[in-house]
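A.B. asks: from the sequence below, what's the structure:
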Amino acid sequence: MAIKLGILGSGSGSNMQAILDAIEATQLDAEIVLVLSDNPDAYILERARKANIPAEVIDCHGFRTKFPEKAQLHIAQQLKEAGAELICLAGFMRLIKQPLLDTFPDRVLNIHPSLLPAFPGLRAWEQAVNAGVSEAGCTVHFVDAGMDTGPIIAQAKVPVRPEDTAETLHARIQKEEHQLYPDAINKIVATYETTSSQE
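C.D. replies: Numbers count the residues shown, from 1 in each chain. The predicted structure is shown next:
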């Protein structure tokens, strides 16, 4: 039985598209039931609507970066009512806190463009280039109340080339993200199925 996904994003939604493509290619047994964005102009909302997936804007009550508890309680209710079982952050730029984490314990995932714990936070690919490291990548992890600190599920490595700019490295990392995220969701679903069959 397909697992029901809720997606939260703030930007173009390329990772949501990768998940959707994996579903349509029958590589991922899932269904996206609701897409939410804190940015009314985010292309992720357009992608969702084109795919006939319910898509709504999160009311953050005028806060530019903070994710108020009232807003989190509201979207937790929306996601529950939509039947979401697993929440996937796809370029979502606000910190998730207790109301949402309590509603979906160990069921909120994020993809981050670095090999965590290295380079948490914003523009991790730029941090990697500036630090002069030879290797970057991406990480899918469970979300906790910290910034990019939750348990790691899967990682993919991307070499940093001498000629790389932040933009060229980011493009190669994104390509890996689009493969890693659906694979990691499959991995999580398999552990849920194993657990439920043992109960």
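
A.B. asks: do you know how far Ala154 is from Gly121?
C.D. replies: Applying Cβ to Cβ, to the nearest Å, the value for Ala154 to Gly121 is 20 Å. The C-beta positions use only the backbone N, C-alpha and C, and glycine is treated the same way.

A.B. asks: tell me how far the residue nearest to Ala124 when sequence neighbours are not counted lies from Arg49.
C.D. replies: Distance criterion Cβ to Cβ, 6 or more residues apart in numbering; nearest residue to Ala124, sequence neighbours excluded, is Ser114 at 3.7 Å. Note on Ser114: its distance to Arg49, by Cβ to Cβ, is 31 Å.

A.B. asks: ok, the two, which is more surrounded?
C.D. replies: Ser114 (23 against 12; other Cβ atoms under 10 Å).

A.B. asks: what's near enough to touch the more buried one?
C.D. replies: Shown in contact with Ser114 (Cβ atoms under 8 Å, 6 or more residues apart in numbering): 120, 124-125, 127-128, 136-139.

A.B. asks: ok, for Asn39, nearest residue in space, not its chain neighbours?
C.D. replies: Looking at Asn39 with Cβ to Cβ, 6+ apart, the closest residue is Ser10, at 4.9 Å.

A.B. asks: roughly how far does the one you found sit from Pro105?
C.D. replies: Taken as Cβ to Cβ, the span from Ser10 to Pro105 is 24 Å.

A.B. asks: those two: which has the busier surroundings?
C.D. replies: The residue with more neighbours, out of Ser10 and Pro105, is Ser10; 17 against 8, by other Cβ under 10 Å.
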